[in-house]
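# The sequence and its predicted three-dimensional model are supplied below.
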Amino acid sequence: MLVSPFRYTARALSKAVVCKTVLGKAVLSTVLLSGLPTLGWAASDSELRDALAAAREQQWHRIDERTIETHPLRGYVEYHRLRGQLPNVSPDRVHQFIDQYADTPLAGWIRGQAIANYGHAGRYSDLLSVADGEPAGTARQCYYYAALLDSQPQQASAAGLELWRVGSSQPDACNPLFERLRANGTIDATAIWERKMLAWQAGETQLSNYLGGLLSGQWQTALETADSVTSRSRAITQAPSCLGPECAATASFYQAAMQRFTREDTPGAFAAWQELAPRLNLLPSDRQVIEEELAFYALVRNVPGTLSWVDSVLPTLESERVLELRVRQALASRDWNEVLHWIAEMPVTQQENSRWQYWLGRANAQLGNHAAAEARYHQAAADRSFYGFAAAEKLGQPYQLNLERNHFDEASRQRIAQLPAVQRTEALLRIGEDGLANSEWLHAVQSGSPQQARALADYAAQQQWHARLVQTTIAAEMWDALDWRFPQAYHDSFMHWGRLTGVDPFLLMAITRRESAYNPNALSPAGARGLMQLMPGTASQVSRELGISDPGPYGVLDPELNIRLGSTYLRDKLQRYQGNRLAAAAAYNAGPGRVDQWLGNNVEAFDLFVESIPFRETRDYVQAVLSYRVIYESLANGGNSEGVSLLSDNEQQVRYDRALLARR
């Protein structure tokens, strides 16, 4: 789909003007290293940039076709021409474009545009002639299955019913499909009620009311019951055991009502369920949905008096998330036999994770089963992860980095430089279209062979496209290519500011890799910015501390300044926790106030402290950062982890309680 990349790029360009000193260097480096005749392209690039701007506005009189006819990015202009002509062009014309630009993302984007436009116009046969299976995006899927209804009614009806069964409004594009499915009885009164319950459960009042209006008087008692529980959740205990024609409304009502009650008032919901459960005639699968949610929140919120009930139903729930919580609860109470018991209840795929193998080792060691503990630690230590590294330290053996080495010569790099996809990527970078360049590049990575993907990664590394390199390894699943997954980006800056602030530079690299994956222009939904993802308020505060000017929301994107401010902020967190990197990393993610509170739980060991962190995001964050730090230091040693440790002796042995807070 082209809309998102093009719109993103338009916004990015407005920011790029502010950051021109930073981006200008990156683009210049790209040009000089590309091996292309940059001076020869300069005029053509300028014409192409102007033509692309005009094409987006469908202002074709502004384009001199002769100036761009041989430019490698001409297809991007032609894309907008064809998009503007849809749906008033034949599928043959669409196929011609797809064939011409098959090695670019443009082919997929125009296919999506054709499906949307043909679908909107009701030209279903044309839609099916250009589709190559289910498209991405709800609107296009609705058009696609509406088109399939006549030729493949069973498949289209089943898919349409899935699109119907959501608790939020669907795009207007779905209306023709839903109307036909209602007309042929696929979407019947029960399906309407079930969707109403999903909307009610999600708080989508307008949709819920609309759906209720589609139901006949046979559903009146069910509608009134839902209304009564909306204003008073406890009223669920007075609800009838049979709702709707032939009790068709019962299961979905109780599932929705209990979920609402559970999230609003878990103790109250638990008491209500104890009263309701014996008298409701629900299928085991319907009961399981209710009890899984209730067990989850009972453990999350540590509701008194619920643990024995959770233990009684847990073996029937088949819930990985509830089993995880139960093991963490056993760890919190230091009940090592319970740890062994509940990990054994996990599915094999969950149980084999290095995290749970480590805890099996830890529990066995606590119980004096040393041979069993060593066996579990050995299994965990084979993994390149926080718990894999922690297990290796228990065994006194080196970390298993499983480092993959790749070697490419200059001739190979020259061949890669001549690939059309690479030339288009570099041309897009030259005209400031970074978003489109990323799409072009990743399309080449994902559509090429594994060897070609590695050659592209090598090329990105040589060009110092740090963020693009990391994305390349993700797109091609090169999990063991650590030199590329963890590039030495901004190495000198990290070393410099690490030395000046007294912060472990490998910790700075690890945090940056986790925060932004080396995208200097990264912007989080919460507003954090740049390499080390600093909030504007934090950047202002640290700038005042350093006696420098407030960089503002765009100045903080400068990599050097961002690293300087981030290093200083992390130094302050380290000082707060007496140099403890685990606590400081947690505070960098969740804020020091929360970490201070968690330290009040008097946890004695680092691993138990990690598991006691109530936020999954922060638990995952500290594990990733500390394991990334190990990888960066090992790579600095030529890939050798000898002498590298996950945590210092003090960080492993100190009690994780309020005493860790530095006295002020």
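That came through, no problem.
# Wait, residue 87 touches residue 125, no?
No: between residue 87 and residue 125 there is no contact under C-beta atoms under 8 Å: 12.0 Å. Heads up, the C-betas are built off the backbone N, CA and C, glycines and all.
# So between these two, which is more surrounded?
Neighbours per residue, other C-beta atoms under 10 Å: of residue 87 and residue 125, the larger number sits with residue 87, 19 against 11.
# check which helix or strand covers that one.
Assigned by DSSP states H and E, residue 87 falls within no helix or strand.
# which residues does it contact?
Contacts here follow C-beta atoms under 8 Å, 6 or more residues apart in numbering; on that basis residue 87 touches 114, 117, 118, 120, 121, 123, 126.
# Scan the residues you listed and report the most crowded one.
Counting by other C-beta under 10 Å, top hit in the contacts of residue 87: residue 114 with 29 neighbours.
# Check the gap between that residue and residue 531 for me.
Distance of residue 114 to residue 531, computed by C-beta to C-beta, to the nearest Å: 40 Å.
# in this protein, what spans have low per-residue confidence?
In the predicted model, the chain carries pLDDT under 70 at residues 1-43, 663-664.
# Report the contact partners of the spatially most central residue of it.
The residue at the geometric middle of the chain, judged as the C-alpha nearest the mean C-alpha position with C-alpha atoms, centre = their mean, is residue 617 (11.3 Å). Residues touching residue 617, when contacts are defined by C-beta under 8 Å, 6+ apart, comprise 589, 590.
# before we move on, the earlier item: which of the contacts of residue 87 sits closest to residue 448?
Comparing these against residue 448 with C-beta to C-beta picks out residue 114 as the nearest, at 25.5 Å.
# re the thing from before, any idea how far the residue nearest to the centre of the chain is from residue 273?
Separation of residue 617 from residue 273 (C-beta to C-beta) stands at 29 Å.
# same thing with residue 201?
Distance, residue 201 to residue 273, by C-beta to C-beta: 16 Å.
# same check, this time on residue 288
In this structure, residue 288 lies at 13 Å from residue 273, with C-beta to C-beta as the measure.
# neighbour-wise, which of those two wins?
When neighbours are counted by other C-beta under 10 Å, residue 288 and residue 273 differ, and residue 273 comes out ahead with 21 against 16.
# From residue 594, how far off is the residue nearest to the centre of the chain?
From residue 617 over to residue 594 the distance is 11 Å, taken as C-beta to C-beta.
# go on, residue 298?
Remark: distance between residue 298 and residue 594 (C-beta to C-beta) = 23 Å.
# Mind checking which of these two has more residues around it?
Regarding residue 298 and residue 594, a neighbour count based on other C-beta under 10 Å identifies residue 298 as having more, with 24 against 16.
# what about the more buried one, which SS state?
Assigned with DSSP: H, G, I helix; E, B strand; the rest coil, residue 298 falls in the helix class.
# pretty sure it is touching residue 270, no?
Yes: proximity of residue 298 to residue 270 meets the contact threshold set by C-beta under 8 Å, at 6.3 Å.
# between those two, what contacts are shared?
Any residue near both residue 298 and residue 270 by C-beta under 8 Å, 6+ apart counts here, and that gives 306, 309.
# can you give me the helices for the stretch 501-650 of the chain?
Using DSSP state H, counting those that start in this stretch, the helices assigned to the stretch 501-650 of the chain run over residues 505-516, 536-546, 552-555, 559-576, 581-590, 592-599, 606-612, 616-636, 649-653.
# again, but for the stretch 201-350 of the chain
Listed in chain order, the helices found in the stretch 201-350 of the chain under DSSP H, counting those that start in this stretch are 205-212, 220-231, 250-264, 266-276, 284-300, 307-317, 320-332, 336-344, 348-351.
# The second one vs helix 250-264, what angle?
If I follow you right, that is helix 220-231. Relative orientation of helix 220-231 with respect to helix 250-264: 0 degrees, computed using axes from the mean of the first three to the mean of the last three C-alpha atoms, to 10 degrees.
# Any buried residues in helix 220-231, and which?
Of the residues in helix 220-231, those scored as buried under the neighbour-count criterion (16 or more other C-beta atoms under 10 Å) are 222, 223, 225, 226, 229.
# so what's the third one up against?
What that stands for is residue 225. The neighbourhood of residue 225, defined by C-beta under 8 Å, 6+ apart, consists of 239, 240, 243, 253.
# What about these, which one has the most neighbours?
residue 253 (25 neighbours).
# Hmm, it is touching residue 240, no?
No: the pair residue 253 and residue 240 fails to qualify as a contact (C-beta under 8 Å) at a distance of 9.5 Å.
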